[in-house]
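# Only the shape, not the letters, is given here:
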């Protein structure tokens, strides 16, 4: 995953109010509005069943919703920025711009990524 999380800092002076805002902003209703408005799935394990009507109307998103409960955060390892940029460059060059065969581009990226990860 690439979650965009919310948090309350320990230095927060109005914790009660901040807590109420956080609960509201991440409520089932507000998460549903986020999904309806943007197509961005809220960070919920039960997203597929909670918003079943949305996925019935948008079946292309259903597979992603079904995987939500199994996602994990992207690991932060040495060379992670270079690793992700290597993947993005290969994907963009091949899939988006059609300048290289996707299989060859991604295989090449995988080899570079393996080398970078081995240095971690």
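Nice, thanks for sending it over. For clarity, every value in this text was computed on a predicted model and none was experimentally measured.

# got any ranges where this protein has weak pLDDT?
Low-confidence segments of the chain (pLDDT under 70): 1-4, 120.

# would you list every one of the strands in it?
Remark: no strands are assigned in the chain by DSSP state E.

# and it, what are its domains?
Domain assignment of the chain by the TED database yields the ranges 15-69, 80-118.

# So what's the gap between the shortest one and the chain middle?
For domain 80-118, the distance between its averaged C-alpha position and the chain's averaged C-alpha position is 19 Å (C-alpha atoms, centre = their mean, to the nearest Å).

# cool, stretch 29-36 as well?
In terms of C-alpha atoms, centre = their mean, the centre of stretch 29-36 is set 16 Å apart from its chain centre.

# Start at 416, not 1
Sure thing, new numbering starts at 416, so read that last one as stretch 444-451.

# buried set for it?
Neighbour counts over stretch 444-451 (16 or more other C-beta atoms under 10 Å) mark 446, 447, 450 as buried. From N, CA and C alone the C-beta is placed, and that goes for glycine too.

# Distance to residue 421 added to the domains of the chain, as CSV?
What follows is the domains of the chain, written out as CSV (distance: least, C-beta to C-beta, whole Å):
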stretch, distance to residue 421
domain 430-484, 6
domain 495-533, 23
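
# out of those, nearest to residue 422?
domain 430-484 (8.2 Å; C-beta to C-beta).

# contacting residues for residue 446?
457, 459, 465, 466 (C-beta atoms under 8 Å, 6 or more residues apart in numbering).

# Give the closest residue to the first one in space, chain neighbours not counted.
The one in question is residue 457. residue 446 (3.5 Å; C-beta to C-beta, 6 or more residues apart in numbering).

# repeat for residue 473
That would be residue 454: by C-beta to C-beta, 6+ apart, it lies 7.5 Å from residue 473.

# What of residue 481?
residue 463 (5.3 Å).

# all helices for the protein, in order.
430-440, 443-453, 462-465, 467-472, 477-482, 495-506, 517-533 (DSSP state H).

# got the contact list for the fifth one?
For helix 477-482, the external contacting residues (C-beta under 8 Å, 6+ apart) are 456, 462, 463, 466, 470.

# Settle this for me: the second one is touching residue 483, isn't it.
Yes - the pair residue 462 and residue 483 passes the contact test of C-beta atoms under 8 Å, sitting 4.7 Å apart.
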